[in-house]
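Undergrad: can't give you the sequence, but here's the structure:
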């Protein structure tokens with residue numbers, strides 16, 4: 001029995017050793033498991049954050065898509081308007097060119113008239129200066145002519161009073 005007790009004791013010690021090793025392995029696995037759980041939690045948080053980012057990016061993409069659609073619709077509308085306005089713009093450009101040509105002609109004519117006006121004013125000024133310089137001569141000539149007419153009238157009157165022949169000669173005829 002002593003032999004059996006020694007065998008039980010050895011087996012007991014072996015079992016105890018095996019249990020200790022199992023316990024140590026269990027604790028290591030428990031630590032690994034806890035670390036794995038923490039890592040899983042961190043990864044789940046990362047996944048959640050990435051899902052939020054994905055949702056946010058999808059919303060941004062949808063908003064941009066919607067905005068792009070609106071812009072494409074507006075572009076199409078503006079292209080149609082542009083097509084409608086283009087002939088009108090060409091017509092207005094032609095009219096503008098025509099008006100500019102007319103304005104250029106009018107401006108040229110106005111410059112010519114202005115030059116003629118300056119020339120006429122200068123001529124009038126020269127004439128007025130000449131007239132001012134010679135007005136006394138004209139007054140003297142006017143006085144001389146008036147005096148001459150007076151002399152001629154007086155002479156004619158004296159002749160008709162002093163000469164009876166002049167009166168009778170008118171009667172004879």
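TA: Okay, I see it. Please read all numbers here as calculations on a predicted model, not as lab measurements. Numbers count the residues shown, from 1 in each chain.
Undergrad: Could you list the low-confidence segments of the chain?
TA: Applying pLDDT under 70 to the chain flags residues 1-2, 163-173.
Undergrad: Grab the longest helix from it for me.
TA: Longest helix in the chain, counting residues (DSSP state H): helix 2-162.
Undergrad: Could you list every helix and strand in contact with it?
TA: Counting contacts by 3 or more CB pairs under 8 Å, 6 or more residues apart in numbering; DSSP states H and E, helix 2-162 packs against helix 164-172. C-beta: built from backbone N, CA, C; applies to glycine.
Undergrad: What distance do you get for the spatially most central residue of the chain to residue 81?
TA: Nearest residue to the geometric centre of the chain (CA atoms, centre = their mean): residue 89, 16.9 Å. Remark: distance between residue 89 and residue 81 (CB to CB, to the nearest Å) = 11 Å.
Undergrad: Near residue 15, how many other residues are there?
TA: Residues near residue 15, counting by other CB atoms under 10 Å, number 12.
Undergrad: Likewise for the one 4 residues further on?
TA: Residues contacting residue 19 under the criterion other CB under 10 Å number 11.
Undergrad: dump the residue contacts of it.
TA: Residue 19 sits next to no residue when contact means CB atoms under 8 Å, 6 or more residues apart in numbering.
Undergrad: picking that back up, contacting residues for the residue nearest to the centre of the chain?
TA: Taking CB under 8 Å, 6+ apart, we find residue 89 in contact with no residue.
Undergrad: so how far is residue 83 from it?
TA: Applying CB to CB, the value for residue 89 to residue 83 is 11 Å.
Undergrad: Compute the number of surrounding residues for residue 11.
TA: Residues near residue 11, counting by other CB under 10 Å: 11.
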